[in-house]
Every structure is written in C-alpha cells, then in structure tokens.
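Asks: starting from these lines, generate the structure:
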Amino acid sequence: MQDADWSAEAAAVLGAGLAEAVDGGQFPGGVLTAGRAGADRTTVAHGLVAPECGDARPGPHTRYDLASLTKVLATWPLIGAAVRTGRLDLDAPLRAHRPELPSPGGDLTVRQLLAHTSGLLPQTGLARYEHSGRPLIEHLCAEPLVSPPGSRHRYIDRGFILLGLLLPALLGRPLHELAAELWHGLGLARTAYGPLPRDPQLAPTEQRLRDAPRTWGAPHDPSAALLGGVAGHAGAFSCAADLAAFAEHLLTGPGPLTDWFAESRRPCATVEPGLHRGLAWLVTADDAVAYHHGFTGTSLFLAPHTGRYVVLCTNAVYHGWDRARLAGLRTLALRTLAD
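Replies: You can find the predicted model right below:
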C-alpha cells in the first residue's frame, strides 16, 4: 500500500474482515480505525452496538469496555509519569515505596510487574479476600510465587492489579482521579473508568446468568468489578476516536509519552519466536509493531517507525468468549501494519 493511501486501503481490508465477523453472528458490531499519526485516519463500522440498544449503530465515539487495554491506557502511562518525576524506580523493590509490604511480593520490582515476569499467581480471584480487614495489596504480596522473579514470561492480571494499588500511594490521589487527569490532558473526552450509565452508545458485553441483566456499563472483568470498577488491569471504557488520539500521542514526538513508549519497547522477556514483551506492550522482534489486546474484543496496534496505527473496538464477548472470533482479524491487522 502506498503511504498516501494507506489509511483508507487498510481500513477497507480490515473493515471487510470486521464485516465478515459481524455478518457471521460472531458479535453484534464494532468499529475499526486505521490512521497515520499527524496525517489522515479512516474509520469503518459494522453492525449494531447491541440488540439492547435498538437500531443504534456503532461509530467512532461509541464506548466499549477496554478490559486489558486499561493496562496501557491508564496504568502504563501513569507509571511512566511516576518514573519521569523521580517518584518511582523501576528496579527498586515494591517495599522501597511501601515498607509494610510482605515477602515475597514486596521484593518484586515494577519492571517485573510491567513485563509479566513477576512469578505471581496466574489466577486472579480476589473474592477470597473480601471482608478480611487487611489491605488487598498486602494479601497479594503475601501470596507464594509460582516461578522465580524474572525467570519466565506469564501474562497475568495480578501484576497490574498491584500497580493500580501502588499508584495512589506514589502519587497521592485515587487511581480514577489520576487517570481522569491524564485522559483530560490528552484530550480523551470519552474515556473513563466505569461504572457508567447505560446508553445506546455504550456497548453491553456478556450475559453471565440466564435471565439476568446483561453486563452494561459495568466492567466485564470480575476482579475490576469487585474493585468498584477502578483497577490497574481493567475497568476503563473508551471509543475508537479516543484510542486513535492516544495512538497519535505515542507516535508523534518528541515528548514524555513518546520517550516512555520507546523505552517500553525494549525487550524484557521472550513470548515466542519473533515476539517479545517490553514494559506492558507486546513488540515484534524487529520493533515494527507494538500492540495490546483487551479480553472483551479491543485492540491497539502501533507501528512506531511508520507512524501507522490500527484501533479495534468490539464487544466480542457478547455471546461468551471464543478466542477464535477475533484471531483472524487481529492477525490481519498485525500483518497489515508490519508490511
């Protein structure tokens, strides 16, 4: 694809894949944006927001549950700000910032948490700690590790839950206030932590219990829901327009976010041949593309050397989770950016 025509051509190719999934009944609808930082962007949408929303069609401002995209849209930039202002050392143990934290978790570093090499338990279930009277961060740090810190990559939520609990202590304000200030400064007007009021331009996710209300405006992630909708690993809602704006902030420098993004693409752990984990982000071995997914059906792909990006927003868990629903489209997006 020629650079001048890339956004429109990429959106057409990827939009056809999105339309095929929607028309095949995989999920109600979705929005996809392909763009070039500082230049043009093209947005395509297919289907409905959801049957509960009547005939409302999705568009660039339709809000979707980001799930794990919260990690890179909230926690990761806030950690970068704390590092930049000298309030956080990536390689100091958590106990350096919270002396009361027990071992073994208190000995872990923020770098290990960001890179998913901490060795923390992979199962997230936090309900066991309800009404215990002890701070959750202490419970998590007291849990046994499943592997030595730094020895292997294992993608989990627990590390980012810990970071979401650590940030208020570092920066002196609740996580939702820190995130809201960050997003306001970046011009992300439709990005917010839930719960949010039900609205035809807010996509519902899954109905977990038959005859029960569908999850709509509340986080799909059960641990984020238990944390009141505000967590370091999940809980944020956003739209394709805001995610595209965020992509352009990361790809257009110079500036603190672009510097942090460059540092975060350095390899920390091997995920599979040709793919490594940086600080939060998955990065191809040639540094051509950095990306992250959300369990609910969202993705953000960035090509730092060309300034191209792809945003995907869907409620792919509407009919329950099936990894195959978006696997082909996500692979196509990665290939489109890497070519």
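Asks: residue contacts, the closest residue to residue 148 other than its chain neighbours?
Replies: Among residues not flanking residue 148 along the chain, residue 119 sits closest, at 6.0 Å (CB to CB, 6 or more residues apart in numbering). (Each C-beta comes from the backbone N, C-alpha and C, glycine too.) Counting by CB atoms under 8 Å, 6 or more residues apart in numbering, residue 119 makes contact with 108, 112, 145, 146, 147, 148, 149, 150, 151, 152, 154.
Asks: kindly recompute the last result at 10 Å.
Replies: For residue 119, the contact set (CB atoms under 10 Å, 6 or more residues apart in numbering) comprises 104-105, 108, 112, 144-152, 154, 156, 159.
Asks: one more: residue 155?
Replies: Counted by CB under 10 Å, 6+ apart, residue 155 has contacts 68, 116, 122, 271, 277, 282, 293.
Asks: rerun at 7 Å
Replies: Taking CB atoms under 7 Å, 6 or more residues apart in numbering as the criterion, residue 155 is in contact with residue 116.
Asks: measure it to residue 210 for me?
Replies: Plainly put, residue 155 is 31 Å away from residue 210 if you go by CB to CB, to the nearest Å.
Asks: where do the strands of the stretch 101-250 of the chain begin and end?
Replies: Secondary structure of the stretch 101-250 of the chain (DSSP state E, counting those that start in this stretch): strands at 192-193, 236-238.
Asks: so can I have CSV of the ones you listed showing mean neighbour count, distance to residue 35 and mean pLDDT?
Replies: Shown next, in CSV, are the strands of the stretch 101-250 of the chain (neighbours: other CB atoms under 10 Å; distance: least, CB to CB, whole Å; pLDDT from 0 to 100):
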stretch, mean neighbour count, distance to residue 35, mean pLDDT
strand 192-193, 22, 22, 98
strand 236-238, 28, 16, 98
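Asks: residue 136: which of these is closest?
Replies: Proximity to residue 136, assessed across those by CB to CB, is greatest for strand 192-193 (17.2 Å).
Asks: starting at the chain centroid, how far to that closest one?
Replies: Relative to the mean C-alpha coordinate of its chain, strand 192-193 is positioned 13 Å out (CA atoms, centre = their mean, to the nearest Å).
Asks: in the protein, where is pLDDT below threshold?
Replies: 1-2 (pLDDT under 70).
Asks: if you set the cut-off to 90 instead, what comes out?
Replies: Applying pLDDT under 90 to the chain flags residues 1-5, 123-125, 210, 253-254, 321-324, 338-339.
Asks: mind checking what helix or strand follows the host helix or strand of residue 310 in sequence?
Replies: Residue 310 is part of strand 308-314, with elements assigned from DSSP states H and E. The C-terminal neighbour of strand 308-314 among helices and strands, as given by DSSP H and E, is helix 324-338.
Asks: buried ones in that following helix?
Replies: Neighbour-count burial for helix 324-338, counted by 16 or more other CB atoms under 10 Å, picks out 325, 326, 329, 330, 332, 333, 334, 336, 337.
Asks: and the residue nearest to the fourth one when sequence neighbours are not counted, how many residues sit next to it?
Replies: Nearest residue to residue 330 in three dimensions, chain neighbours excluded: residue 299, at 5.7 Å (CB to CB, 6+ apart). Neighbourhood size, residue 299 [other CB atoms under 10 Å]: 21.
Asks: distance of residue 299 from residue 67?
Replies: The spacing between residue 299 and residue 67, counted by CB to CB, is 10 Å.
Asks: by how many degrees do the strand holding residue 310 and helix 324-338 diverge?
Replies: Here strand 308-314 runs at an angle of 170 degrees relative to helix 324-338 (axes from the mean of the first three to the mean of the last three CA atoms, to 10 degrees).
Asks: what separates strand 308-314 from the chain centre, distance-wise?
Replies: The answer for strand 308-314 is 12 Å, by CA atoms, centre = their mean.
Asks: what's the answer for stretch 40-49, then?
Replies: On the basis of CA atoms, centre = their mean, stretch 40-49 sits 20 Å off its chain's mean C-alpha point.
Asks: residue 114 against residue 278, yeah?
Replies: No - using CB atoms under 7 Å, residue 114 is not in contact with residue 278; the gap is 8.2 Å.
Asks: so which of those two has more stuff around it?
Replies: Comparing residue 114 with residue 278 by other CB under 10 Å, the one with more neighbours is residue 114, at 25 against 20.
Asks: for the closest residue to that one other than its chain neighbours, what are its contacts?
Replies: Excluding the flanking residues, the one nearest residue 114 by CB to CB, 6+ apart is residue 279, at 4.2 Å. Residues in contact with residue 279 (CB under 7 Å, 6+ apart) are 111, 114, 115, 264, 268.
Asks: quick one: the helices in the stretch 1-150 of the chain?
Replies: Assigned by DSSP state H, counting those that start in this stretch, the helices in the stretch 1-150 of the chain fall at 6-23, 70, 76-84, 110-114, 136-142.
Asks: and of those, who's closest to residue 307?
Replies: Of all those, it is helix 6-23 that lies closest to residue 307, at 9.9 Å by CB to CB.
Asks: what comes into contact with that closest one?
Replies: For helix 6-23, contacts defined as CB under 7 Å, 6+ apart pick out 1, 27, 29-30, 32, 34-36, 40-42, 44, 46-47, 308, 310, 325, 328-329, 332-333, 336.
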